[in-house]
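In: sequence below, structure please.
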Amino acid sequence: MDTFRHLNQTTGRQIQLHDKEYLFFGGTAYLSLLNDPAYMELFITGVRKLGLNNGTSRNNNVQLGIFDEAEKAISRRFGFEDAILVSGGYLAAQMVVKNLAGEGEFIYAPNSHPALWLSDNPGIRGEFADWVAHTAAYINSSAQKTFVLISNTLDNMKPERYDFKAFSQIDPDKKVILILDDSHGIGVINRNRTSVAVEELVQDNLEVILLASLAKGMGTDAGVIFASPQRIAALRSSTFYTGASPSSPASMYALLHGEEIYHKQFEQLQQNIALFGRLTGSRLSHIPGFSVFTSARVELYHFLLQRGFVVSSFPYPLATDPLLNRIVICSHHTAADLQQLAGHINEFTDQQ
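Out: Now for the predicted structure:
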């Protein structure tokens, strides 16, 4: 597997290595915007208009208007009151958790992304549904009044979408701030929406802050934070916001002007996911509308590699666990690609 660790090319639909061509079904570029010619042209136009990067921080007295414009546009686009855009998803997550440290008791969900950790690995394992039920009961019985709950919106490895509805049973006298990381779901499962319906979670005693890396499905090197105007105003005063360089203005330009391309890629992605799901049936683990299909069969990686297909393969959930094979369907895959891959997977699983 180390053979593919030093590539000097785009990790798009195809990978060339040692004069051999492989079809690539891995990574996180679900909507294939990273090498879409039209989207790349928008980025290049942004470079010509606004330069390679922005040489000032967000509190400088000289500012490019593209950043404020992009923040207003993305909050409207995804149905939120307000938003902040920063240089990456990791920064967005750290900005939120560090800003909220001390506001209440921190409680982490299982397998929360390292970007969300306040310091060391919280080490929470187990099933998500059990954690939600246990956490709601714990909060209701606790003498504490304020809690900060931190979770991914989904498990992109299994994959599994998380259900947060049990938090509606929390005592209304308790104040809960729910921080959700939707890096793998934003704009991928639902068109121009996050993977979780935040409006269904918000209540008088429950505030939701949703953040995401846009570098995955959305093809933009930036991180976003969605929250109430009051919370966003507080975050804007943090040193994470005032002291850090923003994302590339060209990436903001592409994000602003590339929505039509996004819609086209979203439609193609959903068609590809549905087709591959029909072709493979119940042989792989997957959830409706999401790009990832997984298999715990360790041998599948090498079986597919020998036939010209590269999928992601790594131990999960611990480094000592068996390999998990993660097959990622993207917008750039053709029907013929999917049919060939499904044929090999069906052959492999049916012969075992």
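
In: off-centre distance for the host helix or strand of Ala254?
Out: In the assignment (DSSP states H and E), Ala254 maps to helix 249-257. Distance of helix 249-257 from the chain centroid (C-alpha atoms, centre = their mean, to the nearest Å) equals 19 Å.

In: what is the subsequent helix or strand relative to that helix?
Out: Once the chain leaves helix 249-257, the next helix or strand it forms, by DSSP H and E, is helix 259-280.

In: now for that following helix, which elements pack on it?
Out: Judged by 3 or more C-beta pairs under 8 Å, 6 or more residues apart in numbering; DSSP states H and E, helix 259-280 is in contact with helix 37-50, strand 292-295, helix 335-350. Quick note: C-beta positions are derived from backbone N, CA and C, even for glycine.

In: now, of the ones you listed, which is deepest in the fold?
Out: strand 292-295 (a mean of 24; mean count of other C-beta atoms under 10 Å).

In: so which bits of the following helix or strand past that one are buried?
Out: The C-terminal neighbour of strand 292-295 among helices and strands, as given by DSSP H and E, is helix 300-305. For helix 300-305, the neighbour count (16 or more other C-beta atoms under 10 Å) marks Leu300, Tyr301, Phe303, Leu304, Leu305 as buried.

In: helices and strands around helix 300-305, which ones?
Out: Helix 300-305 sits against strand 309-315, strand 323-328, helix 335-350, with contacts defined as 3+ C-beta pairs under 8 Å, 6+ apart.

In: would you list those in TSV and tack on distance to Phe4 and mean pLDDT?
Out: As requested, the helices and strands packed on helix 300-305 are arranged in TSV below (distance: least, C-beta to C-beta, whole Å; pLDDT from 0 to 100):
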stretch	distance to Phe4	mean pLDDT
strand 309-315	6	88
strand 323-328	14	89
helix 335-350	17	95
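
In: out of the ones you listed, which gets nearest to Phe80?
Out: Of all the helices and strands packed on helix 300-305, it is strand 323-328 that lies closest to Phe80, at 27.2 Å by C-beta to C-beta.

In: reformat the buried residues of helix 300-305 as CSV; add pLDDT and distance to Leu42.
Out: Converted to CSV, these look like this (pLDDT from 0 to 100; distance: C-beta to C-beta, whole Å):
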residue, pLDDT, distance to Leu42
Leu300, 93, 37
Tyr301, 92, 35
Phe303, 95, 39
Leu304, 96, 34
Leu305, 93, 35
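
In: quick one: low-confidence ranges for this structure?
Out: Residue ranges of the chain with pLDDT under 70: 1-2, 9, 61-62, 316-318, 352.

In: any idea how it splits into domains?
Out: 14-35+259-351, 54-247 (the TED database).

In: end to end, how far does the shortest one reach?
Out: End-to-end distance for domain 14-35+259-351: 28 Å, by C-alpha to C-alpha, to the nearest Å.

In: residues touching Asn272, list them.
Out: Listed by C-beta atoms under 8 Å, 6 or more residues apart in numbering, the contact partners of Asn272 are Ile329, Cys330, Ser331, His333, Ala335, Leu338.

In: Arg77: what's it in contact with?
Out: Asn192, Glu259.

In: measure it to Leu206 for me?
Out: From Arg77 across to Leu206, the span is 24 Å (C-beta to C-beta, to the nearest Å).

In: next one: Ile170
Out: Noted for Ile170: a distance of 7 Å to Leu206, by C-beta to C-beta.

In: in the contacts of Asn272, find the pair that's most separated.
Out: Farthest apart among the contacts of Asn272 by C-beta to C-beta are Cys330 and Ala335. That separation is 13.2 Å.
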